[in-house]
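> the sequence and its predicted three-dimensional model are supplied below.
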Amino acid sequence: MIRVPIRESNDNSTANLTRSLREIRGAPPRAQGSKLQEETVKFNTMTTCDNALSKDNLIVLYSNTCSLKNKLDELSIFVTEYNPDLILLCETWANSDTTNAFLTLDNYNIICRHDRTDTTCGIGGGLIVYAKKSINCREVTNDNISDFNQACAINVSLMNNTELCFYLIYRPHNTYDTRSVEVNNDKLINLIKSAKKNCFLFGDFNYSNIDWKNMRTDKKTMNFLDAIDDRFLVQCIDFTTHKSGTKPDLVLSDIPELLNDIQSVGNIGSSDHTAILAYINVDVINSKNETTGKNWYKGDYDRIRLNLSSIDWHNVFADKNSIESWDLFYMIVDNEIENHVPDKVYKQSNRPKWMNRDLLKLVRKKRRLWKLFRKSRDQIHYKQYRVLEKKVKNSVRKAKKSFEKKLASEDNKRAFFKYVNNKRTVREKIGPLKVNGSIIDENEGIASVLNSFFASVFTEENTSEIPRQHIVKDDICNIPCSEISVTKKAIIKKINNLKRQSAPRPDKISVSFQQETVEEISTP
């Protein structure tokens, strides 16, 4: 097995390691001066730090889920605990009856999803890739990716104007060998050979018979090893990934020096495969996944009430019509809000609504027990882990059921429909767009491109033959309206009857602000 140590960047490290692998297998050495070295230099934007789990890492969570639908809740717990930037999952067993809304995760976009269509209900395959909404990435494809069953790829934009490519691969097990599977294996070889420079390949390759330490295998798998060797790829996992003690799941890369750490973090639900967490030392383009608003509950309302009560509204509104009066009133109120109501940053959390402290403790205990088993390989620890795994699964169901039951019984309809609608809809990310060979991924640029396209298909109207507007007779406009009575008491009653937790209206003045200053603002 190949383990890449954490070390300072070395331009020749990858080429030297690959040449060593070729010598082990008796292959002729390659010529020096590989282009891989030139490409690798571009990505060495940071010196590898001592802390392998630095916040500057791109965190990737990979697993073979063996059916995702019944493991979404525990996957949400993994996401809460490890906060990955990318989530790569294979064997989702999803099909056309499974909507993206059902598979959605809070604060993540589904970048690509490929269900297996050559089996019953998608069983025995299926790929899905999630990315944080703040991560700038896009799906890429070509003939070699689409021909192989199954694979997908995404490009992640980096700060140095380059991209890092991630492949997600699932190859059916050898027990299903037929002529069509052999053809599919050849397509995998073509895919690996055509993989982009500066890439990581995650997946369940189902080649458990490879001796990665000595780079030896049988005849059927030799072509796969040759393709890895020819493409200068290094296998980066040094632990077993299946409960049988084998290593069907692999992480291959031509830039292994960027891999700060790679860990086994336990199973997602009852999956036979361990989940893998990889920390990659790159600077990713991140858009802030947060919104800014006003903290209405910490406003200095005593000062606001004092300032508003000192205004002579009759003189302020003198000689002004209703529109001018409203604009002036709004300007005064907005100025008070800006000066005396503090700002608040609303960060979007990955934590599920039904997660509680006791459940989180139980999940962390399960993680510790898994690490203990990985270290000792003691079957007693494994049995303890399995017992705790079932307990966690039942606890997750109970916590979710209790939360939903409480939510349905409360009078807060807003929270109820927010939770329900989040499970019914999914927002597809727009872009990046490719225009004249260049990639446009900023929101303003995407909006400009789409606006120009839509404007180009509009029909040009003949402005010389615009029909004239029918003019209403002046005497109709002079009919006076009946008297309208609006009292201060009625306004105060209406404002106090508003629901305090309601969202601000288009004027951005919250209900809590209106109720706190109801006596002062009811006069104007």
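Sure thing, it's come through. Residues are numbered from 1 along each chain as shown.

> measure Thr80 to Asn100 for me?
21 Å (Cβ to Cβ, to the nearest Å). Every residue, glycine included, has its C-beta placed from N, CA and C.

> for His314, same thing?
His314 sits 58 Å away from Asn100, going by Cβ to Cβ.

> show me which of the two is the more surrounded one.
Neighbour totals were compared for His314 and Asn100, and Asn100 leads with 14 against 9 (other Cβ atoms under 10 Å).

> the more buried one touches Ile111, doesn't it?
No: the pair Asn100 and Ile111 does not pass the contact test of Cβ atoms under 8 Å, sitting 11.2 Å apart.

> in the stretch 251-400 of the chain, which spans are helices?
Ranges of helices within the stretch 251-400 of the chain are 301-309, 313-316, 322-340, 357-376, 379-409, based on DSSP state H, counting those that start in this stretch.

> now the ones you listed as TSV including distance to Gly126?
Listed next are the helices of the stretch 251-400 of the chain as TSV, based on distance: least, Cβ to Cβ, whole Å:
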stretch	distance to Gly126
helix 301-309	55
helix 313-316	65
helix 322-340	50
helix 357-376	25
helix 379-409	21
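
> do you know which of those helices lies nearest Met159?
Nearest to Met159, of all these, is helix 357-376, at 31.9 Å by Cβ to Cβ.

> the one helix or strand Phe166 maps to: partners in the sheet, and parallel or antiparallel?
Phe166 belongs to strand 163-170 when assigned by DSSP states H and E. Sheet pairing for strand 163-170, assigned by DSSP bridges, gives strand 151-157 (antiparallel), strand 199-204 (parallel).

> name the residues that touch it?
43, 58, 60, 62, 64, 86, 88-91, 125-127, 129, 140, 145, 148, 150-158, 188, 191, 195-196, 198-205, 280, 282 (Cβ atoms under 8 Å, 6 or more residues apart in numbering).

> how about the very next helix or strand once past it: buried residues?
Later in the chain than strand 163-170, the nearest helix or strand by DSSP H and E is helix 179-193. For helix 179-193, a neighbour-count test (16 or more other Cβ atoms under 10 Å) marks 181, 184-185, 187-189, 191-192 as buried.

> hey, C-alpha coordinates of stretch 190-201 in PDB?
Extracted in PDB, the C-alpha atoms of stretch 190-201 (Å, rounded to 0.1, in the frame of the first residue of the first chain):
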ATOM      1  CA  ASN A 190      -9.500   4.900 -21.300                       C
ATOM      2  CA  LEU A 191     -11.000   7.100 -18.700                       C
ATOM      3  CA  ILE A 192      -8.000   6.900 -16.400                       C
ATOM      4  CA  LYS A 193      -5.600   7.500 -19.300                       C
ATOM      5  CA  SER A 194      -7.500  10.600 -20.400                       C
ATOM      6  CA  ALA A 195      -8.000  12.000 -16.900                       C
ATOM      7  CA  LYS A 196      -7.200  15.700 -16.600                       C
ATOM      8  CA  LYS A 197      -3.900  16.900 -15.100                       C
ATOM      9  CA  ASN A 198      -4.100  17.900 -11.400                       C
ATOM     10  CA  CYS A 199      -6.900  15.500 -10.400                       C
ATOM     11  CA  PHE A 200      -8.200  13.200  -7.700                       C
ATOM     12  CA  LEU A 201     -10.100  10.000  -8.500                       C
END
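
> compile the strands paired with strand 163-170 into CSV and extend it with columns for mean pLDDT.
Shown next, in CSV, are the strands paired with strand 163-170 (pLDDT from 0 to 100):
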stretch, mean pLDDT
strand 151-157, 93
strand 199-204, 96
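
> turn the ones you listed into JSON lines, including distance to Ser96 and mean neighbour count.
Shown next, in JSON lines, are these (distance: least, Cβ to Cβ, whole Å; neighbours: other Cβ atoms under 10 Å):
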{"stretch": "strand 151-157", "distance to Ser96": "17", "mean neighbour count": "22"}
{"stretch": "strand 199-204", "distance to Ser96": "23", "mean neighbour count": "24"}
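
> dump those strands into TSV; add distance to Glu442 as well.
As requested, the strands paired with strand 163-170 are exported to TSV (distance: least, Cβ to Cβ, whole Å):
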stretch	distance to Glu442
strand 151-157	11
strand 199-204	25
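
> could you list every residue that touches the nearest residue to Leu372 once chain neighbours are set aside?
In space, Leu372 comes closest to His381 once its chain neighbours are excluded; the distance is 5.3 Å by Cβ to Cβ, 6 or more residues apart in numbering. Contact analysis of His381 by Cβ under 8 Å, 6+ apart lists 369, 372-373.

> quick check, nearest of these to Glu465?
Leu369 (80.3 Å).

> which residues does the spatially closest residue to the closest one that is not a sequence neighbour contact?
Of all residues not flanking Leu369 in the chain, Tyr385 sits nearest, at 4.7 Å (Cβ to Cβ, 6+ apart). With contact set as Cβ under 8 Å, 6+ apart, Tyr385 has these partners: 366, 369-370, 373.

> wait, isn't Val363 in contact with Val392?
Yes: here Val363 reaches Val392: they are 5.9 Å apart, a contact under Cβ under 8 Å.
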